[in-house]
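Participant: Sharing a sequence plus its predicted fold:
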There are 2 protein chains.
Amino acid sequence: MKTIAKNKIIIVDDHLLFSQSLQLLINNFKEFEVVNRFENGKVFINYLQENADSEVDLILLDVNMPVLDGVETMKWIKENRPSLKVIALSVNDDEEIIIRMITNGAKGYLLKDTSPEIFKEAMCCVIEKGFYFTELVSGMLVKKANDDSKKISLKEKEIVFIRHACSEKTYKEIASEMCLSPKTIDGYRECLFDKLEIKTRIGLVLYAIKHKIVLV
Amino acid sequence: MKTIAKNKIIIVDDHLLFSQSLQLLINNFKEFEVVNRFENGKVFINYLQENADSEVDLILLDVNMPVLDGVETMKWIKENRPSLKVIALSVNDDEEIIIRMITNGAKGYLLKDTSPEIFKEAMCCVIEKGFYFTELVSGMLVKKANDDSKKISLKEKEIVFIRHACSEKTYKEIASEMCLSPKTIDGYRECLFDKLEIKTRIGLVLYAIKHKIVLV
DNA sequence: TAAAAAAAGGGTGATTATACCCTTGTACAG
DNA sequence: CTGTACAAGGGTATAATCACCCTTTTTTTA
């Protein structure tokens, strides 16, 4: 019987049911073994800091986690352990999140409805070639490149104003809360209507919610 | 070696990675075995219809699924196979969904960040006692009982109006689209402002989004 | 450092949104 | 058959929103 060094995997996911189950699944693959599991980005980073020399070949990082989520964790990894290979795992295909994970250095992005076969292929691919992107993700990267040219940038004050606008306050009340003249608020509004190609405050509210400037 | 008849489990979940992993986890418990997996409510219901006599002790039903989601599947089960024991599994603790699953007959509601130990306990509990509710869920059931008294009911036309109101259309335009006089629309609006305790159209939009009358 | 851009504010008028009070017809229960 | 409830619609008035064109001051940047 040959002994092959298995690739060491770490799982970071707050869904215990999932992460413990996934560990069983991965340990059934002869090429891999799970050496550690963490339930959020914070405890994972703590571990990395205290075990700087730990050997690990691949991180499976959940995106939606409490305490410290996937994006923030990925940022930390990019700055402090850029050589770590990470595959992001998520249930949703929210474009913005995918882009942020990848621009922060994730080598792959898989949805949790991926089949175990594809999943294994992705893990192998990342370890051998350094990356694995599905068509969905590649498409988004291309789209993002196009979007970037016509990117809309909102200033901090505009964002504050938008949050106020997503309430039953009148512009006059908003002006008072922001310690500005109602006329200045008027200016913010007109500028935003123009930039966002909308015509009414309702449009502004819908925009804000769609782009998660306010949460509902 | 004693041979005990294991409890037969069916998993319904679109996240293949999760459902296949979970199957491994459950098969490690001596009391249970997974006899089938389905990736959404529709294929599961098809199976039930074609295998009316199949023996199964417990269904693990994911809430967020494509094609036919947990709530709709649960409705079908309530009407057609009310004796089936179902534990709902979900990543989110959205009150409305939890309530709907339970009022449609789910015997338990577990979040996916539950530990395998609790998970196993819940499965045993449902099979033996018929139900298992965490504190979170029990609390919601109590809260719901209170809320029901002051329940707000929206008429069909009001809902159509609200959907229109969540756009940049003016009331005049909405009236025209609904083939009603602007004055009637005026009446709808006033009635809703009163019922929902809001003062502006912005409030209406926020209400609609919060209560998923419109999707963003 | 001069020119350009951005931020803050103002005036006026038109359009929308909101409040309050009213009539008419119809359906339905007592 | 009468009263109640309700949907549809009307009148009028006020407040909020939106458009367009303007000045002053500060910040950027070429």
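Facilitator: Arrived safely. Numbering: from 1, shown residues only, chains lettered A, B, ... in the order given.

Participant: Which residues of chain A lie near chain B?
Facilitator: Proximity of chain A to chain B is assessed by Cβ under 8 Å from any Cβ of the partner chain, with A:14-18, A:20-25, A:28, A:39, A:64, A:89, A:91, A:110-116, A:119, A:165-168, A:198-203, A:205-206, A:209-210, A:216 identified as the residues in range. No exception for glycine: its C-beta is placed from N, CA and C like everyone else's.

Participant: Report the buried members of those residues.
Facilitator: For the residues of chain A next to chain B, a neighbour count by 16 or more other Cβ atoms under 10 Å in any protein chain shown gives the buried set as A:14-18, A:20-25, A:39, A:64, A:89, A:91, A:110-114, A:116, A:119, A:165-167, A:198, A:201-203, A:205-206, A:209.

Participant: Of those, which are in range of DNA strand D?
Facilitator: Among these, the ones lying near DNA strand D by Cβ under 7 Å from any atom of the strand are A:Arg201, A:Ile202.

Participant: In strands only, show me the buried ones among the residues of chain A next to chain B.
Facilitator: Secondary structure assignment by DSSP state E places A:Leu89, A:Leu110, A:Leu111 of those in strands.

Participant: Please state the backbone phi and psi of the closest residue in space to A:Ala122 that isn't next to it in sequence?
Facilitator: Taking Cβ to Cβ, 6 or more residues apart in numbering or on different chains, and ignoring the residues beside it in sequence, A:Ala122 has A:Tyr132 as its nearest neighbour in space, at 4.3 Å. The phi and psi values for A:Tyr132, taken as degrees, to the nearest 10, are phi -150, psi 110.

Participant: Check A:Val35 too.
Facilitator: Here is the backbone geometry of A:Val35 (degrees, to the nearest 10): phi -100, psi -10.

Participant: as a whole number, average confidence for stretch A:21-32?
Facilitator: Stretch A:21-32 shows a mean pLDDT of 93 in the predicted model.

Participant: ok, residues contacting that stretch?
Facilitator: Stretch A:21-32 is contacted by residues A:4, A:6-7, A:9, A:11, A:13, A:33-34, A:37, A:58, A:60, A:116, A:120, A:123-124, B:17-18, B:20-25, B:28, B:116 when judged by Cβ atoms under 8 Å, 6 or more residues apart in numbering or on different chains.

Participant: That stretch: how far from the chain's middle?
Facilitator: The gap between the average C-alpha position of stretch A:21-32 and the chain average comes to 25 Å, counting by Cα atoms, centre = their mean, to the nearest Å.

Participant: could I have it exported to PDB, CA atoms only?
Facilitator: Listed in PDB are the C-alpha atoms of stretch A:21-32, where the atom choice follows Å, rounded to 0.1, in the frame of the first residue of the first chain:
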ATOM      1  CA  SER A  21     -20.400  16.800   7.200                       C
ATOM      2  CA  LEU A  22     -18.100  18.200   4.500                       C
ATOM      3  CA  GLN A  23     -15.200  17.100   6.500                       C
ATOM      4  CA  LEU A  24     -16.400  13.500   6.200                       C
ATOM      5  CA  LEU A  25     -17.000  13.900   2.500                       C
ATOM      6  CA  ILE A  26     -13.500  15.300   1.900                       C
ATOM      7  CA  ASN A  27     -11.800  12.700   4.100                       C
ATOM      8  CA  ASN A  28     -13.300  10.100   1.700                       C
ATOM      9  CA  PHE A  29     -11.300  11.600  -1.100                       C
ATOM     10  CA  LYS A  30      -7.900   9.900  -1.100                       C
ATOM     11  CA  GLU A  31      -6.100  13.100  -2.200                       C
ATOM     12  CA  PHE A  32      -7.300  15.300   0.700                       C
END
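
Participant: Contacts only, for the residue nearest to A:Ala122.
Facilitator: Residues in contact with A:Tyr132 (Cβ under 8 Å, 6+ apart) are A:Ile87, A:Lys107, A:Gly108, A:Glu121, A:Ala122, A:Cys125, A:Val126.

Participant: host element of the fifth one?
Facilitator: In this structure, A:Ala122 is located in helix A:116-129 according to DSSP states H and E.

Participant: in chain A, which spans are helices?
Facilitator: Using DSSP state H, the helices found in chain A span residues A:16-28, A:41-50, A:70-80, A:95-103, A:116-129, A:135-149, A:156-165, A:171-177, A:182-196, A:201-210.
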